[in-house]
Each structure stands twice: as C-alpha cells, then as structure tokens.
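Visitor: Can you look at this prediction? I've put the sequence above it.
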Amino acid sequence: MQQIMPENQPESSFIPSEIPPETLPETSAEERELLASGLVQQGPAGNFPNRQQPFLQAVHQGYRVAFPWQIPFSGWKRVARMVFHNLGSDQTGLSAAGCAFYGTLSLIPSISALISLYGLLFDPYTVEPQLEKMRIIMPNSLYQMISQQIHNLLEQPHSTLTFNLFFSFMVTLWAASAGTKSILSALNIAYQEEEHRSFLHYQMTGLLMTIGSLLIAILTLALLVALPAMVHYLPLTVPYQLRKSFGVDFIEQSSDLFVRMGSLCILAVFVLFAFSFVFRYGPSRRKAKWRWVIPGALFTMILWGLSSYAFSIYVGRMANYTTTYGPLGTVAGVMMWFYVTAYAVVLGAELNAALELHVNTDTTQGEDRPMGKRQAYVADHVV
C-alpha cells in the first residue's frame, strides 16, 4: 500500500500501521479504514508516543470527528500538550511582542478613524459614555489615553471630522499595515504556514481586516447606545395583564442590571465574532470551516477578558509604570496590555492549529478533499 507523505517531512516521522486491519474482526469499518491509512504522525520530540500503541486508540481519541466538540477528553488532553509544546517552538512570546509594538503605534490613528466613521452614521457624542463600560478590562493609563483622545476629537467641528476621515484613514492604513503584518505573521507561525499571497492580496487582506474591525466596533457601540432605550421601552410594549407572567415588572425594576449584563453579552458576542474572523481570514491558507475556528476564538475571548481584568487590577493597585518609566509610563502600560491581548490571540490560533492537527477529517471550507490537497498544513497532516 502506498504511504501518503507530506512535503518537507522526514520519512521516519510517520508511523506505518503495525496491526493488520484483518486481524481485528471486532473493529468497525471506519476503524479498519483508519488502521489502514497510515496517516498518523509521530508527535514533536516524542511527545505523543504512538509506536507502542495500537492505531485503534486514534479512533477513541477523536481522529475521525466532524466537529471539535465531538473530541473526547483524552483527545483534548493531547491537544493541550501539543499547544504547550508549540509555545516554545513557535516563539509565541516574540510574536506577541511584535504585535504589541505595532498595535501601540496604530492605536491613535485607529481611534481617529473609528470616531470619524461613527460620526458619519450616529451621534459621535454617544461614544464617550459607552467607553465607561469597557473600563473594567483596560488599565487606567490606556483608558485615560483613549478617553482624552476621544474628547479631543469630539471638540472638533463636524466638518473637520469629515476631512479627518480621509486623513486618518491614510495614516491608519500605513500604521495598520505594519500592525496587520505582525498579526498575519503570528498567525502563519501558529498555523505553520508560509506567506503565499501576492503583495496586493496581502495588503488588501490587511486593509479589509482593519475595516472589518472598525465596522464591528461601530456596530457594537451602536448597540450599546441603543440597549438602555430598548430595556426601558420593553415594559411599554407588554399589556398590563401579562406583565407578571413575563416578568416585565422585574425587568423594569432591574433595568440597570439588565443594561450592564446586556452590554457584557453584546461585547462578548462581537469580540467572539472578531476573533473568529481573524482566525479564519488571517492565515495564508485555505480558509478553515467556521466550526474549527470558534474553539480558539472562544478560548481567546475568555482568556483575554480574564487576563485584561487581572492586568487592570495589577496596574491599578500594584504596578506603577510612571515611577519606573517616567513620562513613558502610559506608553509602557498600553504596550503591556497589547502584549497580553496579542498573547491571547496567538494562543487561540495555536489551539485551533492543534485541533486541526489532531484530526484527519477535512477542516477546510468546501467539499472534502484528501490529505495533501487541502492547501493548509495543519489540515494536511495528523500529529
């Protein structure tokens, strides 16, 4: 039987089937097909020693699943070991540091573009109050910097904002191109890909990702502005006789609580979509199916929220960047927050890559293709 060998891999890294399928009459047809495939690869540094184990274990660990949530607990442990192993080999910290540096450079132009675009569609003065809802996940230095920048922009006349839209977009395009390149490079490293896109395609990908992020932020702000009015208007739409049955009185009495909880839910949904969008369209490969990018996006959202909250507490109560760095204290605090954010994003990408490496089903969009034809390293290999 001909062995399927991917490019640039030593032949010794593949483990041929050691147990003939016909000697296992108790196995299912699917299990016997997996035994005969010979596509399971030895893990990095002997991390996953399969040579002394029958290939039937591959089925029990979820190699043939169609959805990531079908992977059993033993498979998730294996994926976790793969992620932790790749943290060092993929230079995750260095990738996150590059993203943090370029993210800091593009922060002010991005805020300028966001306010300018938002001001064309909605009342720009509604942005400043909504920023308070995100204060919990920001260090105070970053919050003060963004708040001051927004306040300065809102003091400008509307005609200036219209001209500023074009100017800030030019500046943002230049700044975000460097920031986007760092993000795309980090994703390519996590997914073990080389950059194959043309220069124009590469620049357009970065531009569209930047515009998409701005549009997501605008829609999120718009919903946050409309949420209090929706909560206060809801009791008026329900007849008095049905108020108690539907709990409308409780909603009316606890409107502030519902606004706060609703704001967090809106932020969570749009942050989850933004991370999924980045993981699907960022790497230089055939796009993965949505269900294979959502686990990493969900993990990134939770990790980013918790780590940002912890970092804001650390900066507010323990660390004093102003004492250490002097006038550069604010910049240092902002860059460290971007580093925490970028590290969470890279970890999410590593998780998605490990999940795709764990299964031999086609995780790319479109019709299922055999291994070696999927145009994505992690989809074309099993570790």
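Guide: Noted; the coordinates are in hand.
Visitor: Next SSE downstream of the helix or strand where residue 78 lies?
Guide: Using DSSP states H and E, residue 78 maps to helix 73-89. On the C-terminal side of helix 73-89, the nearest following helix or strand under DSSP H and E is helix 92-121.
Visitor: one step back: buried set for the helix holding residue 78?
Guide: 75-76, 78-79, 82-83, 85-86 (16 or more other C-beta atoms under 10 Å). Every residue, glycine included, has its C-beta placed from N, CA and C.
Visitor: what mean pLDDT does the longest helix belonging to the chain have?
Guide: Assignment by DSSP state H gives helix 199-233 as the longest helix of the chain. Helix 199-233 comes out with an average pLDDT of 78.
Visitor: And stretch 308-317, by the same measure?
Guide: Rounded mean pLDDT across stretch 308-317 is 80.
Visitor: cool, and stretch 149-156?
Guide: Mean predicted lDDT for stretch 149-156 stands at 73.
Visitor: CA atoms of it as CSV?
Guide: C-alpha atoms of stretch 149-156 as CSV (Å, rounded to 0.1, in the frame of the first residue of the first chain):
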residue,chain,number,x,y,z
GLN,A,149,-8.2,61.3,22.5
ILE,A,150,-11.9,60.8,22.0
HIS,A,151,-12.6,64.0,24.0
ASN,A,152,-10.2,66.0,21.8
LEU,A,153,-11.8,64.6,18.6
LEU,A,154,-15.3,65.4,19.8
GLU,A,155,-14.3,69.0,20.3
GLN,A,156,-13.5,69.4,16.7
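Visitor: Give me the buried positions along that stretch.
Guide: Under 16+ other C-beta under 10 Å, the buried positions of stretch 149-156 are 150, 153.
Visitor: residues making contact with stretch 358-370?
Guide: 34, 37, 39-40, 61-66, 71, 75, 78-79, 82, 285-289, 292, 355-356, 371, 374-376, 378-379, 382-383 (C-beta atoms under 8 Å, 6 or more residues apart in numbering).
Visitor: Take these and keep only those in helices.
Guide: 34, 37, 75, 78-79, 82, 355-356, 378-379.
Visitor: elements contacting the helix holding residue 78?
Guide: helix 329-358 (3 or more C-beta pairs under 8 Å, 6 or more residues apart in numbering; DSSP states H and E).
Visitor: how does it look with 10 Å?
Guide: helix 56-60, helix 92-121, helix 158-190, helix 294-317, helix 329-358 (3 or more C-beta pairs under 10 Å, 6 or more residues apart in numbering; DSSP states H and E).
Visitor: Redo the ones in helices among the contacts of stretch 358-370 as CSV? Include pLDDT and distance to residue 230.
Guide: Formatted as CSV, the ones in helices among the contacts of stretch 358-370 follow (pLDDT from 0 to 100; distance: C-beta to C-beta, whole Å):
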residue, pLDDT, distance to residue 230
34, 49, 51
37, 52, 54
75, 86, 42
78, 89, 45
79, 91, 40
82, 90, 44
355, 94, 37
356, 93, 40
378, 91, 42
379, 90, 42
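Visitor: wait, which of those is closest to residue 109?
Guide: Checking the ones in helices among the contacts of stretch 358-370 against residue 109 with C-beta to C-beta, the nearest one is residue 378 at 33.6 Å.
Visitor: For burial, what's the neighbour tally of the closest one?
Guide: Per other C-beta atoms under 10 Å, the neighbour tally for residue 378 reads 26.
Visitor: Also residue 140?
Guide: For residue 140, using other C-beta under 10 Å, the count is 13.
Visitor: cool, and residue 332?
Guide: Counted with other C-beta under 10 Å, residues neighbouring residue 332 total 18.
Visitor: from what I can see it touches residue 145, true?
Guide: No. Here residue 332 does not reach residue 145: they are 11.8 Å apart, not a contact under C-beta atoms under 10 Å.
Visitor: In three-state terms, how would residue 366 be classified?
Guide: coil (DSSP: H, G, I helix; E, B strand; the rest coil).
Visitor: Start the count at 56 instead of 1 going forward.
Guide: I'll keep to 56 as the first residue from here, and by that count the last item is residue 421.
Visitor: tell me the phi and psi of it?
Guide: phi 90, psi -170 (degrees, to the nearest 10).
Visitor: Now do the contacts for residue 393.
Guide: 151-152, 154-162, 197, 234 (C-beta atoms under 10 Å, 6 or more residues apart in numbering).
Visitor: Who are the contact partners of residue 153?
Guide: With C-beta under 10 Å, 6+ apart, residue 153 has these contacts: 146, 233-234, 236-238, 240-241, 394, 397.
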